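Undergrad: coords below, sequence missing:
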């Protein structure tokens, strides 16, 4: 039986996709949503040899514009590749919901889809159909600009139609750099702004550290040593040391040291095992690294050259990177060797953030009340699941999840982008996790009613 909300959701979905290009200008690569002509099958109408291959059509399977060996005036038939890509922007299909069905041996199986929440390509246990469906992971990553492309290698290519200026993300420096390549796919972007939007803002929400943070200042050969603030890459802290005063990693004020070398930025670097500088070196020891996708600190290995996303202990990793469990930790002690500062810590007993004194802004010590509240106070409650889902008055459409009391399950709906109410979740997993208690209560109530029947 079809879910009762499906017709309503389909109506809202179509209304949202047809609401014009203004709401999607920052989301889609193309100037508007994909035309209906992009879905049309390509007709075959042979023409003169001189004209063959001069048309382009959009191929739904590969999500790309291909040459057409036809002269038919079908709707999915364009005079140039540019016209085809303008009408059928590939990235627009990446925001479509995932639609699954049982795999058939008679058709090409597409099991990869783009997860807009994590900005990653994932593989489904079943076959995926519709716009957001890809045969291979590499095709999904390339077309949808998944975060994976930001760490992807960039092999040298021989261009058939000439090179063009591109921008690519360099995971070592955390910046977008200029280069030349054949196309604007994968880790090749048409502009610095596009590269920054996809990689810098998603991979590292914190400004990258200065190159001076990687080297320890000299302690001899400069005459008189002076006490300065020095960033220690191993402890991820600014520490007082007697060093040569004119060295790069040498600061008069601690605040300048912390601003130049923000410790949190190292949490968003590639894990040590994936660091390109480790490729030719054997792992030297066990360390902890921060997984930015699960927001957890995990045990790993590091080579002696990779010290960015590498921590000596899980506690240090959790303190610096604000892992998922940081709100349940005790605030760090404030027996400071330097001047104390005002910090804000989450109190698990009172369920609120409180002002106190501390030495630094790490772990359950936040620099401001809003940052503490954002990280810790918004704890989802099962009571959120009892509310009816609200699309909200805005038109910045995005797919979210809500809990349905009647069907005792979580379903997807189109959220307007603001004032949506508490029954609103980013993923089905989060919805089920928060609403599990409500589901259990409903099942127990149903079981007791069955037992009470004559």
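TA: Nice, I can see it. Note that the structure is a prediction, hence the values are computed from the model and not measured. Numbers count the residues shown, from 1 in each chain.
Undergrad: I'd say residue 191 and residue 167 touch.
TA: Yes - using CB atoms under 8 Å, residue 191 is in contact with residue 167, at 6.3 Å. C-betas here are computed from N, CA, C, even on glycine.
Undergrad: Between the two, point out the one with more neighbours.
TA: residue 167 (22 against 13; other CB atoms under 10 Å).
Undergrad: Quick check: bridge partners of that one?
TA: Beta-bridge partners for residue 167, by DSSP bridges, are residue 178, residue 189.
Undergrad: ok, the helix or strand encompassing residue 297: who's next to it in the sheet?
TA: Counting by DSSP states H and E, the element that carries residue 297 is strand 296-302. Strand pairing for strand 296-302, determined by DSSP bridges: strand 285-291 (antiparallel).
Undergrad: tell me the mean pLDDT over the strand it pairs with?
TA: Strand 285-291 carries an average pLDDT of 75.
Undergrad: so residue 299 makes contact with residue 288?
TA: Yes - using CB under 8 Å, residue 299 is in contact with residue 288, at 6.0 Å.
Undergrad: Pretty sure residue 121 sits in a strand.
TA: Yes - counting by DSSP: H, G, I helix; E, B strand; the rest coil, residue 121 is found in a strand.
Undergrad: Assign a three-state SS to the closest residue to residue 330 other than its chain neighbours, would you?
TA: Using CB to CB, 6 or more residues apart in numbering and skipping the chain neighbours, the partner closest in space to residue 330 is residue 364 (6.9 Å). Three-state assignment for residue 364 (three-state DSSP): coil.
Undergrad: okay, and the common contacts of residue 299 and residue 288?
TA: Listed as contacting both residue 299 and residue 288 by CB atoms under 8 Å, 6 or more residues apart in numbering are residue 314.
Undergrad: These two: who's more crowded?
TA: The neighbour comparison of residue 299 against residue 288 (other CB under 10 Å) goes to residue 288, with 22 against 10.
Undergrad: I figured the more buried one was touching residue 321, is that so?
TA: No - the criterion here is CB under 8 Å, and residue 288 misses it with residue 321 at 9.6 Å.
Undergrad: Which residues are in contact with each of these two?
TA: What both residue 288 and residue 321 touch, as defined by CB under 8 Å, 6+ apart, is the set residue 297.
Undergrad: pLDDT (mean, whole number) over the host helix or strand of residue 411?
TA: Using DSSP H and E, the element containing residue 411 is strand 409-415. Strand 409-415 comes out with an average pLDDT of 86.
Undergrad: And the next helix or strand along the chain from that strand, what's buried?
TA: Sequence-wise, the next helix or strand downstream of strand 409-415 (DSSP H and E) is helix 428-434. By 16 or more other CB atoms under 10 Å, the buried positions in helix 428-434 come out as 431, 432, 434.
Undergrad: Stretch 411-430 now?
TA: 411, 412, 413, 414, 415, 416, 417, 420, 422, 423, 424, 425.
Undergrad: I'd assumed residue 375 was in a helix, is it?
TA: Yes - under three-state DSSP, residue 375 falls within a helix.
Undergrad: Can you give me every residue that contacts it?
TA: 322, 326, 327, 346, 366.
Undergrad: Just the pLDDT at it, thanks.
TA: Residue 375 is assigned a predicted lDDT (pLDDT) of 70.
Undergrad: where's it relative to residue 320, distance?
TA: In this view, residue 375 and residue 320 are 14 Å apart by CB to CB, to the nearest Å.
Undergrad: ok, now residue 216?
TA: In terms of CB to CB, residue 216 sits 19 Å off from residue 320.
Undergrad: Of those two, give the one with the bigger neighbour count.
TA: residue 320 (24 against 16).
Undergrad: phi, psi of that one?
TA: phi -70, psi -40 (degrees, to the nearest 10).
Undergrad: change the start of the numbering to 16 and stick with it
TA: Understood, numbering begins at 16; the last thing we discussed is residue 335.
Undergrad: Show me where the stretch 166-315 of the chain dips below the pLDDT cut-off.
TA: 166-173, 175-177, 186-189, 212-213, 215-223, 285-301, 307-310 (pLDDT under 70).
Undergrad: Could you report the separation of the closest residue to residue 378 other than its chain neighbours from residue 312?
TA: With sequence-adjacent residues excluded and distances taken as CB to CB, 6+ apart, residue 378 is closest to residue 334, at 3.7 Å. Residue 334 sits 10 Å away from residue 312, taking CB to CB as the criterion.
Undergrad: again with residue 201
TA: Look at residue 201 and residue 312: by CB to CB, they are 30 Å apart.
Undergrad: ok, those two, which is more surrounded?
TA: A direct count of neighbours by other CB under 10 Å for residue 201 and residue 312 places residue 312 higher, at 25 against 22.
Undergrad: Now the residue nearest to that one when sequence neighbours are not counted: which helix or strand?
TA: Among residues not flanking residue 312 along the chain, residue 332 sits closest, at 3.8 Å (CB to CB, 6+ apart). Assigned by DSSP H and E, residue 332 falls within helix 329-336.
Undergrad: Quick one: list the elements packing against the helix or strand in which residue 195 is found.
TA: With elements taken from DSSP H and E, the one containing residue 195 is strand 190-196. When contacts are defined as 3 or more CB pairs under 8 Å, 6 or more residues apart in numbering; DSSP states H and E, strand 190-196 sits against strand 179-185, helix 207-210.
Undergrad: what's the spacing between residue 325 and residue 277?
TA: In terms of CB to CB, residue 325 sits 16 Å off from residue 277.
Undergrad: out of those two, which sits in the more crowded spot?
TA: More crowded of residue 325 and residue 277, by other CB under 10 Å: residue 325, with 24 against 19.
Undergrad: Would you check how far apart that one and residue 278 are?
TA: With CB to CB as the criterion, residue 325 and residue 278 are 12 Å apart.
Undergrad: those helices in the stretch 216-365 of the chain, which residues are they?
TA: Secondary structure of the stretch 216-365 of the chain by DSSP state H, counting those that start in this stretch: the helices cover 216-218, 269-275, 329-336.
Undergrad: Nearest to residue 190, out of those helices?
TA: helix 216-218 (10.7 Å; CB to CB).
Undergrad: and the protein, what are its domains?
TA: If you go by automatic domain parsing, the domain ranges for the chain are 16-48+402-469, 164-218, 226-353.
Undergrad: Identify the bridge partners of the residue nearest to residue 447 when sequence neighbours are not counted.
TA: Distance criterion CB to CB, 6+ apart; nearest residue to residue 447, sequence neighbours excluded, is residue 425 at 5.5 Å. On the basis of DSSP bridges, residue 425 is bridged to residue 418.
Undergrad: Now do residue 425 against residue 269, distance only.
TA: 47 Å.
Undergrad: more crowded one of those two?
TA: Neighbour count, other CB under 10 Å: between residue 425 and residue 269, residue 425 has more, with 22 against 18.
Undergrad: quick one, what contacts the more buried one?
TA: Counted by CB under 8 Å, 6+ apart, residue 425 has contacts 416, 417, 418, 419, 440, 443, 446, 447, 450.
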